[in-house]
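[1] Compute the structure for the input listed below.
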Amino acid sequence: MDKENIDYEIRIIKDAFDEKRNIIGYAPEEKIKVNKDCHQGGDIFITDEGELIDLEYQMQDFDEEELAKYVELAEELYEINKVSISIYVLCPRTLKVIAPECTIKSEAEFTIKLACWGENPVYEVFFQIKEKIDKNIRLNDEDILNLEMIPLRVPKEERRTFRVECFKLLNKAIR
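    Have a look, this model is predicted:
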């Protein structure tokens, strides 16, 4: 991802989640390599204090299963790094939040915050997936699911355009 996209995502973190810490960039690979059975995380950033911030784009209803996958990710990252972990989940206003806010007992130090931001994150997800395909990075199951769902998450007047673009990306991804 180029500097402009990194700055954009850092601005999202600061604005949507009222983050005050100094984010210096993406976390090094060795700090974010989690068990393959664990959710791999979105874009994971590191602060100048070494704390980790994971920015996620949630495109399906936020239920107990979704909450559990983020808790597991936070615990794995904490186990590797022994630093505070923040999982920030950005979602469109149309998403249903089914899982109630509650305290999760854990030995790990983490927070999980959910926010609906003014901009529709589906566009950002679309461009992130497009960038992966352009860079010949293999898509994971969540990327494929998101790509399939994008036409349903954009305004009706944009659906045809996005459906065609998503078909093109899916065809490139399976080649």
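
[2] CA-only coordinates of the lengthiest helix in the chain in CSV, if you can.
    For the chain, the helix with the greatest residue count under DSSP state H is helix 64-81. Output in CSV follows, covering the C-alpha atoms of helix 64-81 (Å, rounded to 0.1, in the frame of the first residue of the first chain):
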residue,chain,number,x,y,z
GLU,A,64,-21.2,-13.3,18.6
GLU,A,65,-19.1,-15.3,16.0
GLU,A,66,-17.6,-12.1,14.6
LEU,A,67,-16.9,-10.8,18.1
ALA,A,68,-15.2,-14.1,19.1
LYS,A,69,-12.9,-14.0,16.0
TYR,A,70,-11.7,-10.5,17.0
VAL,A,71,-11.2,-11.6,20.7
GLU,A,72,-9.1,-14.6,19.5
LEU,A,73,-7.0,-12.3,17.2
ALA,A,74,-6.4,-9.9,20.1
GLU,A,75,-5.4,-12.7,22.4
GLU,A,76,-3.0,-14.2,19.8
LEU,A,77,-1.4,-10.8,19.1
TYR,A,78,-1.0,-10.1,22.8
GLU,A,79,0.6,-13.5,23.4
ILE,A,80,3.2,-12.8,20.7
ASN,A,81,3.9,-9.2,21.7
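
[3] Contacts only, for the residue most central in space within the chain.
    Geometric centre of the chain, nearest residue: Glu56, 1.8 Å, by Cα atoms, centre = their mean. Glu56 is in contact with 41-42, 70, 87-90, counting by Cβ atoms under 8 Å, 6 or more residues apart in numbering. C-betas here are computed from N, CA, C, even on glycine.

[4] follow-up on the earlier one: which positions in the longest helix of the chain come out as buried?
    For helix 64-81, the buried set under the neighbour-count rule, 16 or more other Cβ atoms under 10 Å, comprises 66-67, 69-78, 80-81.

[5] Now do the strands in the chain.
    23-26, 43-47, 52-57, 85-91, 110-116 (DSSP state E).

[6] ok, the residue of the chain most remote from its centre to Pro151 distance?
    Distance to the chain centre peaks in the chain at Glu157, reaching 25.8 Å (criterion: Cα atoms, centre = their mean). Look at Glu157 and Pro151: by Cβ to Cβ, to the nearest Å, they are 12 Å apart.

[7] what does Lys132 give?
    Lys132 is 18 Å from Pro151, by Cβ to Cβ.

[8] which one of the two has more residues nearby?
    Pro151 (20 against 17; other Cβ atoms under 10 Å).

[9] What count of nearby residues applies to the residue lying closest to that one once chain neighbours are set aside?
    Distance criterion Cβ to Cβ, 6 or more residues apart in numbering; nearest residue to Pro151, sequence neighbours excluded, is Arg163 at 4.2 Å. Neighbour count of Arg163, defined by other Cβ under 10 Å: 14.
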